[in-house]
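In: predicted model follows, preceded by the sequence.
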Amino acid sequence: MKSQTKLSLISLAITASLALPVSATDLSLPTITAVEKSAEVTAAVNNQSTVNQTGVGQEAEVSQTGTRHVSEITQIGNDQIAEVTQSGDWQESYITSEGDGNFITTNQVDDWHIANVGVNGNDNQVTVDQSGFWNTSETTAVGNNNIADTLQNGNQNNSIIQHIGNDNLTQTTQYGATNLAVFRVEGNGNDGTITQDGNNNQAGLVAPGGSPNVGDGNSLFVDQSGDENFGAVIGVYGNDNSFEINQSGFSNTGVVASLTGSNNDIVIDQSGDLNGAVIEFANGDGNEVFIYQDGTSNQVGDTNIAVISGNDNIIDIDQSGTANLTEFETIGDGNSVTVLQEGETNYVASGTYGFDNEVSVSSVGINNEVAVFVELDENSVTVEQSGNTNFAYVDTFGFVNEVSVEQIGDDNEASLTNVGIAQVIDIAQDGEFNLTDVVAFGDEHAIDITQEGSGNWIGGDDGYFLVDGYSNNLTISQMGNDNLVLGSQIGDNGMINVSQTGDFNTATVYQN
């Protein structure tokens with residue numbers, strides 16, 4: 001048989017988790033060159049066809065029905081058509097085409113399939129249709145107006161498609177187990193649609209040898225159902241690209257890495273358990289990232305925090321289920337991050353570094369935790385938690401930042417560390433055993449805390465809140481039972497207003 005290497009995109013996932021660029025993977029995908037036929041096939045073959053054509057207006061059609069087939073067609077010229085249909089047992093078909101107006105079709109039915117098509121010229125169209133058992137297909141097109149269709153039905157499917165050229169369209173459909181499809185691109189207006197149905201499916205737009213896929217307006221759609229699926233977009237340099245990865249099953253992974261460009265759309269939609277979404281080395285402006293996860297123990301980020309660098313990016317993460325985790329970081333200005341979690345024992349950590357960014361985190365459930373870090377100026381943070389035993393931590397550093405925290409439920413805790421100038425903080429807690437810790441350094445802050453429920457407590461480090469700076473205003477309103485206010489204010493022209501309504505209220509404030 002022709003020597004084949006079953007490549008694994010999982011190695012790229014491991015590389016991504018180690019925070020290495022794609023170039024460090026030493027990924028070597030096969031190229032379409034001379035054909036290697038195994039000695040077994042050559043010895044045992046009773047069907048073999050070789051066609052060599054060099055000229056204008058060639059046509060070649062080969063149909064073989066017997067047991068062991070090998071067909072080789074080489075066309076160098078204009079207006080070429082090559083069709084190979086092989087049936088039963090051991091088919092191998094190799095077509096090399098180089099000229100204008102090429103049309104290549106290979107149809108191989110059951111048992112042992114290998115199809116290797118290499119195209120170089122203009123107006124190319126390649127269709128490979130393979131069924132049952134051992135399917136592999138490699139298609140390389142270098143040229144204009146290329147279309148490549150690959151349909152494989154059965155086990156051990158492997159398809160690697162590579163376009164370097166203009167107006168390329170790729171559609172790969174594989175049914176069965178242990179499928180692999182890699183779509184590699186370096187040109188303009190490329191489209192990729194990969195549909196896989198089965199277990200251990202892997203699919204992606206992967207740059208060859210670590211070099212970027214260059215071009216604008218590229219599109220990739222991956223739809224996988226089954227377990228341990230892997231979908232990846234790795235190594236893209238361009239604008240206005242669209243990437244969508246849909247996965248349903250168990251232990252699926254979606255990766256977007258080494259993306260450089262603007263106005264790109266990224267969608268990762270996963271349903272099931274133990275799913276993971278990874279975004280690394282993403283740079284550009286005006287990008288939109290949508291991640292949807294439904295299940296248990298799903299993750300966005302984790303070992304390496306998902307990071308996107310640039311301005312005016314939109315990140316929307318929606319997780320529903322139990323024990324979900326999100327760790328996301330934006331570097332730049334005017335970015336918007338929205339995280340919604342529904343379920344139990346969910347965790348969100350968000351880091352925002354830049355100007356005029358918006359971060360919104362909403363969690364509904366029990367034992368949820370939120371940690372938000374903001375650095376630089378005019379940023380807005382909103383945290384909403386509904387459920388029992390929720391915890392929210394917000395750390396801001398800069399000028400004119402706004403923080404709003406609302407907790408509805410039992411045993412809620414909000415902790416804020418604030419350093420800067422003219423920051424606005426609004427905390428509202430409605431439930432039982434609410435606790436607010438506030439430590440603020442800087443001038444002209446406006447802090448408003450409202451607690452309604454039982455056992456409320458406002459404090460800070462060592463049990464006392466601290467507001468240190470010039471012209472800071474602190475307003476506290478407690479309505480409920482067993483309320484307690486302990487803290488101190490340091491600095492000139494500061495004001496503290498404490499209002500308590502309920503039972504067993506105590507307010508102790510030190511001013512200096």
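Out: Perfect, thanks for sending it. Everything quoted here is computed from the prediction, not taken from an experiment.

In: next structured bit after the helix or strand containing Ser159?
Out: If you go by DSSP states H and E, Ser159 is part of strand 158-165. Scanning forward in sequence from strand 158-165 by DSSP H and E, the next helix or strand is strand 169-175.

In: report all helices and strands that that following strand contacts.
Out: Using 3 or more Cβ pairs under 8 Å, 6 or more residues apart in numbering; DSSP states H and E, the elements in contact with strand 169-175 are strand 147-153, strand 158-165, strand 180-185, strand 191-197. Any C-beta I mention is one placed from the backbone N, CA and C, and that applies to glycine too.

In: angle of that strand against strand 191-197?
Out: On the basis of axes from the mean of the first three to the mean of the last three Cα atoms, to 10 degrees, strand 169-175 is oriented at 0 degrees to strand 191-197.

In: and for the residue nearest to Gly459 when sequence neighbours are not counted, the neighbour number?
Out: With Cβ to Cβ, 6 or more residues apart in numbering as the criterion, Gly459 has its nearest non-adjacent residue at 4.9 Å, and that residue is Leu486. By other Cβ atoms under 10 Å, the residues close to Leu486 number 17.

In: I'd say Leu486 and Thr508 touch.
Out: Yes: with contact defined as Cβ atoms under 8 Å, Leu486 reaches Thr508; the gap is 5.1 Å.

In: Gln423 and Phe441 touch, don't they?
Out: No: look at Gln423 against Phe441 with Cβ under 8 Å: they stay out of range, at 10.1 Å.

In: so which of the two has more stuff around it?
Out: Neighbours per residue (other Cβ under 10 Å) separate Gln423 from Phe441, with Gln423 holding more: 27 against 17.

In: low-confidence ranges in the stretch 51-200 of the chain?
Out: 187 (pLDDT under 70).

In: give me the three-state assignment for Asp462.
Out: helix (DSSP: H, G, I helix; E, B strand; the rest coil).

In: could you measure from it over to Glu369?
Out: 23 Å (Cβ to Cβ, to the nearest Å).

In: more neighbours: those two, which one.
Out: Glu369 (19 against 7).

In: on the pLDDT front, check the more buried one for me.
Out: Reading off the confidence values, Glu369 has pLDDT 93.

In: for it, give me its contacts.
Out: Asn346, Tyr347, Val348, Asn390, Phe391, Ala392, Tyr393 (Cβ atoms under 8 Å, 6 or more residues apart in numbering).

In: OK, contacts around the last one?
Out: I take that to be Tyr393. Glu369, Val370, Ala371, Val372, Ala414, Ser415, Leu416.

In: farthest-separated two in those?
Out: By the measure Cβ to Cβ, these have their two most distant members at Glu369 and Leu416, which lie 14.8 Å apart.

In: go ahead and confirm Leu474 touches Ile496.
Out: Yes: under the criterion of Cβ under 8 Å, Leu474 makes contact with Ile496 at 4.7 Å.

In: shared neighbours, the two?
Out: By Cβ under 8 Å, 6+ apart, Leu474 and Ile496 have these common neighbours: Val467, Gln489.

In: list the helices and strands the strand holding Ser159 packs on?
Out: Packed next to strand 158-165, using 3+ Cβ pairs under 8 Å, 6+ apart, are strand 136-143, strand 147-153, strand 169-175, strand 180-185.

In: picking that back up, so which of the contacts of Glu369 comes closest to Thr436?
Out: Ala392 (9.8 Å).

In: so how far is Asn401 from that closest one?
Out: For Ala392 relative to Asn401 (Cβ to Cβ), the value is 16 Å.

In: ditto for Ser71
Out: 69 Å.

In: what of Phe250?
Out: Applying Cβ to Cβ to Phe250 and Asn401 gives a distance of 41 Å.

In: those two: which is more packed in?
Out: Between Phe250 and Asn401, Asn401 has the larger neighbour count (other Cβ under 10 Å), namely 27 against 15.

In: so the more buried one touches Phe373, yeah?
Out: No: between Asn401 and Phe373 there is no contact under Cβ under 8 Å: 11.5 Å.

In: joint contacts of those two?
Out: Joint contacts of Asn401 and Phe373 (Cβ under 8 Å, 6+ apart) do not exist.

In: would you confirm that Ala446 contacts Ile421?
Out: No: assessed by Cβ under 8 Å, Ala446 is found out of contact with Ile421, at 11.5 Å.

In: check contacts around Asp79.
Out: Val56, Gly57, Gln58, Gly99, Asp100, Gly101.

In: between the residues you listed, which has the most around it?
Out: Gly99 leads those on contacts (other Cβ under 10 Å) with 23 neighbours.

In: how much space separates that one from Gly57?
Out: Taking Cβ to Cβ, one finds Gly99 at 10 Å from Gly57.

In: same check, this time on Phe465
Out: Using Cβ to Cβ, one gets 87 Å for the distance from Phe465 to Gly57.

In: do Phe391 as well
Out: Going from Phe391 to Gly57 by Cβ to Cβ gives 75 Å.

In: what does Asn179 give?
Out: On the measure of Cβ to Cβ, Asn179 and Gly57 end up 38 Å apart.

In: same question, Asn155
Out: 40 Å.

In: and if you look at Val364?
Out: In terms of Cβ to Cβ, Val364 sits 68 Å off from Gly57.

In: Tyr470: how many residues sit nearby?
Out: When counting by other Cβ under 10 Å, one arrives at 14 neighbours for Tyr470.

In: kindly report the same for Gly254.
Out: Neighbours around Gly254, by other Cβ under 10 Å: 31.

In: wait, it touches Ser271, no?
Out: No: taking contacts as Cβ under 8 Å, Gly254 lies outside contact range of Ser271: 11.9 Å.

In: would you indicate which residues of stretch 295-305 are buried?
Out: Gly295, Thr296, Ser297, Asn298, Gln299, Val300, Gly301, Asn304, Ile305 (16 or more other Cβ atoms under 10 Å).

In: and for stretch 68-80?
Out: Quick answer for stretch 68-80 (16+ other Cβ under 10 Å): Arg68, His69, Val70, Ser71, Glu72, Ile73, Thr74, Gln75, Ile76, Gly77, Asp79, Gln80.

In: find the pair from the residues you listed with maximum spatial separation.
Out: Pairwise over those, using Cβ to Cβ, the maximum falls at Arg68 and Asp79, 31.9 Å.

In: what pairs with the strand holding Ser159, parallel or antiparallel?
Out: strand 136-143 (parallel), strand 180-185 (parallel) (DSSP bridges).

In: and the angle for the last one with strand 147-153?
Out: The reference is to strand 180-185. Per the same axes, to 10 degrees, the angle that strand 180-185 makes with strand 147-153 is 170 degrees.

In: just the C-alphas of strand 180-185, formatted as CSV.
Out: C-alpha atoms of strand 180-185 as CSV (Å, rounded to 0.1, in the frame of the first residue of the first chain):
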residue,chain,number,x,y,z
LEU,A,180,-9.4,13.0,10.4
ALA,A,181,-9.9,16.0,8.1
VAL,A,182,-7.3,18.8,7.7
PHE,A,183,-8.1,21.8,5.5
ARG,A,184,-4.9,23.9,4.8
VAL,A,185,-5.2,27.1,2.9
